[in-house]
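Novice: can't give you the sequence, but here's the structure:
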């Protein structure tokens, strides 16, 4: 007996549940590849559109044409034509940033970057994807094979923060992929077939085939996945509590320039896994990166912070500087060329993100002839990585408020928000 379609009501329930607790209006962009999973999600949402509209949920679609295969443009047109027939707003975005390195990883990063830009243009606070239970099991097994801890073993989060104003929602993680394909079959709807999804050398395909041959292994993986999810939830809650305690006691502070200051003696009061997570997140925040720092180097650094003396260190774009009274400053490492500049003409939306560390409003000083946002490049370790706006001639026209003494009161201050605390507490509020 084949898998049963999940039904539009059940899919709509998952999507509405994913939005609960989020600020309104509820707007989302659905990443539509034309494959069976995203197509099934779209068709079920269209079937339940009246119910979703009653809840104030508005969904549009975005297709990213990566240009990695000859058929990609035709597949994007397929998605656009289908959305037009369904009266669903649709946009196709083309990625042309091919270069050296892993093309799949680069395409994935570009896809989320383009989806995020589209979401902001549409005033949407969420990106919807159709990842399902089979994807979750495969991610868990891949994490197990590389020796990941409970966070990695718990695989994908149903709700993941991409920015302070944007989340990635995966509402179908408890539904089987076979049911989504059965849904399309019942509707007589064809889907895009990506031949790379059956590449024999792909790790996910290897795992997929092994699970088909051994249903008991799938059952065991699901049980282990559930246990890892519970472990991650516990870890999240303990970490959130530890951060709140440290902040309340003044042992973890954030300066107005985004630098975070930790009393390293406080690490001795924390359980090892919580201390490790805290240091990892502080490093990620200092470097403006979206994910945690590598395990083994972070563990060595965590141990160094607990030693009697600490001489400072650098890791993954973060610089840890020893200050008096056992305080450690988590700062951005300038590196050889400094953080990458942002071309203000290359994007739109109400704000621009600089180096993953600051959100800067486009209105105000940025509207007065600014062409780029760049690192200041002068002064002490923290000052030289702070953002300034430059005009076409390279002159500074606005700067981070912490640089006011260098430029004088006549220099406009950028309207911005430091993201260090967001990096530190990312995804913990839903725990």
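Specialist: Looks like it came in fine. None of the values given here were measured: they were computed from a predicted structure.
Novice: how near is residue 238 to residue 110?
Specialist: Separation of residue 238 from residue 110 (CB to CB, to the nearest Å) stands at 35 Å. Glycine gets a C-beta too; all of them are placed from N, C-alpha and C.
Novice: check which helix or strand the closest residue in space to residue 429 that isn't next to it in sequence maps to.
Specialist: In this structure, residue 429 finds its nearest non-sequential neighbour in residue 240, 7.8 Å apart by CB to CB, 6 or more residues apart in numbering. Using DSSP states H and E, residue 240 falls within helix 215-248.
Novice: give the buried residues for that helix.
Specialist: By 16 or more other CB atoms under 10 Å, the buried positions in helix 215-248 come out as 218, 221, 224-225, 228-229, 231-232, 235-236, 238-239, 242-243, 246.
Novice: before we move on, what about stretch 146-165?
Specialist: Applying 16+ other CB under 10 Å to stretch 146-165 flags 148-155, 157-159, 161-163, 165 as buried.
Novice: just name the closest of these to residue 302, please.
Specialist: residue 149 (13.5 Å; CB to CB).
Novice: give me the pLDDT value at the closest one.
Specialist: We have a pLDDT of 89 for residue 149.
Novice: begin at 81 from here
Specialist: Got it, the first residue is 81 from now on, which makes the last one we talked about residue 229.
Novice: give the contact list for it.
Specialist: 353, 375 (CB atoms under 8 Å, 6 or more residues apart in numbering).
Novice: can you tell me how far it sits from residue 496?
Specialist: 34 Å.
Novice: picking up where we left off before, just the closest of the buried residues of stretch 226-245 to residue 468, please.
Specialist: If you rank those by distance to residue 468 using CB to CB, residue 243 comes first, at 21.9 Å.
Novice: and that closest one, its phi and psi?
Specialist: Main-chain dihedrals, residue 243, degrees, to the nearest 10: phi -160, psi 170.
Novice: just list whatever residues bridge to it.
Specialist: residue 246 (DSSP bridges).
Novice: please tell me how far it sits from residue 503.
Specialist: Going from residue 243 to residue 503 by CB to CB gives 11 Å.
Novice: which residues touch residue 221?
Specialist: 287, 301.
Novice: how close does it sit to residue 302?
Specialist: Counting by CB to CB, the gap from residue 221 to residue 302 is 11 Å.
Novice: cool, residue 235 as well?
Specialist: The value you get for residue 235 to residue 302, if CB to CB is used, is 11 Å.
Novice: do the same with residue 146
Specialist: Taking CB to CB as the measure, residue 146 and residue 302 are separated by 31 Å.
Novice: tell me the secondary structure for residue 114?
Specialist: Of the three states, residue 114 takes coil under DSSP: H, G, I helix; E, B strand; the rest coil.
Novice: that one: neighbour count?
Specialist: Per other CB atoms under 10 Å, the neighbour tally for residue 114 reads 22.
Novice: touching, it and residue 143? I think so.
Specialist: Yes: taking contacts as CB atoms under 8 Å, residue 114 lies within contact range of residue 143: 7.1 Å.
Novice: which neighbours do those two share?
Specialist: In contact with both residue 114 and residue 143: 155-156, 159, using CB under 8 Å, 6+ apart.
Novice: neighbour-wise, which one of these leads?
Specialist: Greatest neighbour count in the shared contacts of residue 114 and residue 143, by other CB under 10 Å, goes to residue 159: 26 neighbours.
Novice: could you list every residue that touches that one?
Specialist: Taking CB under 8 Å, 6+ apart as the test, what residue 159 contacts is 112-114, 141, 143, 170, 172, 272.
Novice: run the last query once more with 10 Å
Specialist: Residues near residue 159 by CB atoms under 10 Å, 6 or more residues apart in numbering: 112-115, 118-119, 122, 141-145, 168, 170-172, 272.
Novice: got it, and residue 347?
Specialist: Neighbouring residues of residue 347 by CB under 10 Å, 6+ apart: 326, 331, 354-356, 358-359, 382-383, 385-386, 408.
Novice: settle this for me: residue 144 is touching residue 113, isn't it.
Specialist: Yes: the criterion here is CB atoms under 10 Å, and residue 144 meets it with residue 113 at 7.9 Å.
Novice: of those two, who's got more company?
Specialist: residue 144 (25 against 22).
Novice: hang on, the more buried one in a strand?
Specialist: Yes: counting by three-state DSSP, residue 144 is found in a strand.
Novice: domains for this structure, by residue range?
Specialist: 88-308, 311-414, 422-500 (automatic domain parsing).
Novice: any idea how far apart the tips of the shortest one sit?
Specialist: This means domain 422-500. 19 Å (CA to CA, to the nearest Å).
Novice: what about stretch 368-387, distance to the chain center?
Specialist: Computed by CA atoms, centre = their mean, to the nearest Å, the chain-centroid distance of stretch 368-387 equals 20 Å.
Novice: and residue 504, how far from residue 430?
Specialist: 24 Å.
Novice: quick one: contacts of stretch 326-336?
Specialist: So stretch 326-336 is contacted by 322-325, 339-347, 349-350, 358, 362, 365, 407, 409-411, 462, 480-482, 498, 500-501, 504-505 (CB under 10 Å, 6+ apart).
Novice: name the residues of it that are buried.
Specialist: 326, 331-332, 334.
Novice: if I look at residue 187, how far off is residue 108?
Specialist: From residue 187 to residue 108 the distance is 22 Å (CB to CB).
Novice: looking at the two, which is more packed in?
Specialist: Between residue 187 and residue 108, residue 108 has the larger neighbour count (other CB under 10 Å), namely 26 against 16.
Novice: between the buried residues of helix 295-328, which is nearest residue 437?
Specialist: residue 323 (18.5 Å).
Novice: quick one: the residue most central in space within the chain and residue 142, what's the gap?
Specialist: Centroid-nearest residue in the chain: residue 242, 3.5 Å away (criterion: CA atoms, centre = their mean). Separation of residue 242 from residue 142 (CB to CB) stands at 14 Å.
Novice: just residue 239 next, same as before
Specialist: Residue 239 is 19 Å from residue 142, by CB to CB.
Novice: and the contacts of stretch 124-137?
Specialist: Applying CB under 10 Å, 6+ apart, the external contacts of stretch 124-137 come out as 85-96, 99-100, 104-108, 110, 138-139, 141, 162-163, 166-168, 206, 208, 210, 251-252, 260, 263, 267.
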